[in-house]
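K.L.:
Sequence below, structure please.
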Amino acid sequence: MKRFLIVLTLLTAFATTAQAQFLNYGVRVGAGMATHVDDLADNTPILAANVGGFVTFGFTQSASMLAENFRLQTGVNFIRRGCKFQEVLEMAMSIREGSYDAWYAQIPVLATFRYELPIREPGHIALLSVGPAVNIGVFGTVKDRKFTHGMPQGDWNYRTTSSAFDVMNRLDVDLLFGIGYEWQDLSVMLQLDYGFMAVTETPDAIESLGGTNPNAKVPMGNNCALLLTVGYQIPFR
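P.N.:
Sure thing, here's the model as predicted:
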């Protein structure tokens, strides 16, 4: 959360030194891999997806030499995040596995620095983009099952399917970082999306068994995704 506030403060400070001017709007779609990191379980990726629209602002009348090549972009994305997971339980006798499949509405605020490549034909732009985003959970599913090899009839085995945000935190705060290329009204961006808030929580077994804090929770995983996106901007003329 501190990193989110620092990035937002820096973007705001830069923006207030110049006069914002609407440049264009457009659409962006992308796909890649999503998983959960900083988790105790063994996770494997699922397909990540981004679909959304954006508006772009430039800045004029600024004393900064960077202002000419600086853009501020926001919008709304509809994104898919999650993972498949597996963990060994009870001295390797049982296995718990399943998947998180969650869709969020994402509102990013991105600072983009543009550099025109020094080649003969003008208009080829390298992009560097960074900024925070707020994700609000919309819908999804969590599949969870536990089984013991050789004893499928055991009453400790189970299989459940839940609505995602009945068991997951609905709010997430991300940091987005990307590099890309722009030519005319098309852009391609390779983007890393990292969430700072735990996807879910589980009871702390050590604290609970010791009786010191039976309500103690352990954070379980953070959203992380790597995507390739393609955007088309509609110039404002």
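K.L.:
right, and the helix or strand after the helix-or-strand element of the chain with minimal mean pLDDT?
P.N.:
Of all regular secondary-structure elements in the chain, judged by mean pLDDT, DSSP states H and E, the least confident is helix 205-210 with a mean of 44. Note on helix 205-210: by DSSP states H and E, the next helix or strand toward the C-terminus is strand 217-235.
K.L.:
Packing partners of that following strand?
P.N.:
Using 3 or more Cβ pairs under 8 Å, 6 or more residues apart in numbering; DSSP states H and E as the contact criterion, the neighbours of strand 217-235 among helices and strands are strand 19-37, strand 46-60, strand 70-89, strand 171-183, strand 186-203. C-beta coordinates here come from the backbone N, C-alpha and C atoms, glycine included.
K.L.:
residues near Gly137, how many?
P.N.:
Residues lying near Gly137 (other Cβ atoms under 10 Å) number 18.
K.L.:
mind starting the numbering at 41 from now?
P.N.:
Got it, the first residue is 41 from now on, which makes the last one we talked about Gly177.
K.L.:
residues contacting it?
P.N.:
Applying Cβ atoms under 8 Å, 6 or more residues apart in numbering, one finds that Gly177 lies in contact with 142-144, 204-205, 208-212.
K.L.:
show me where pLDDT drops low in the protein?
P.N.:
For the chain, the stretches flagged by pLDDT under 70 are 41-60, 100-106, 130-132, 190-196, 242-259, 276-277.
K.L.:
which residues does the one residue sitting closest to the centre of it contact?
P.N.:
Nearest residue to the geometric centre of the chain (Cα atoms, centre = their mean): Asp233, 3.9 Å. Contacts of Asp233 were listed using Cβ under 8 Å, 6+ apart, and they are 88, 119, 173, 214-216, 263-267.
K.L.:
any idea how far Val182 lies from Phe118?
P.N.:
As defined by Cβ to Cβ, to the nearest Å, Val182 lies at a distance of 19 Å from Phe118.
K.L.:
follow-up on the earlier one: look up which residues are beta-bridged to the residue nearest to the centre of the chain.
P.N.:
Leu216, Ala265 (DSSP bridges).
K.L.:
Ser203 versus that one, what's the distance?
P.N.:
Between Asp233 and Ser203 the distance, using Cβ to Cβ, works out to 23 Å.
K.L.:
Also Ser139?
P.N.:
Ser139 sits 14 Å away from Ser203 when distances are taken as Cβ to Cβ.
K.L.:
what's the overlap in contacts for these two?
P.N.:
Counting by Cβ under 8 Å, 6+ apart, the residues touching both Ser139 and Ser203 are 181-182.
K.L.:
quick one, which of these two is more surrounded?
P.N.:
Set side by side, Ser139 and Ser203 show unequal neighbour counts under other Cβ under 10 Å, the larger going to Ser139 at 18 against 11.
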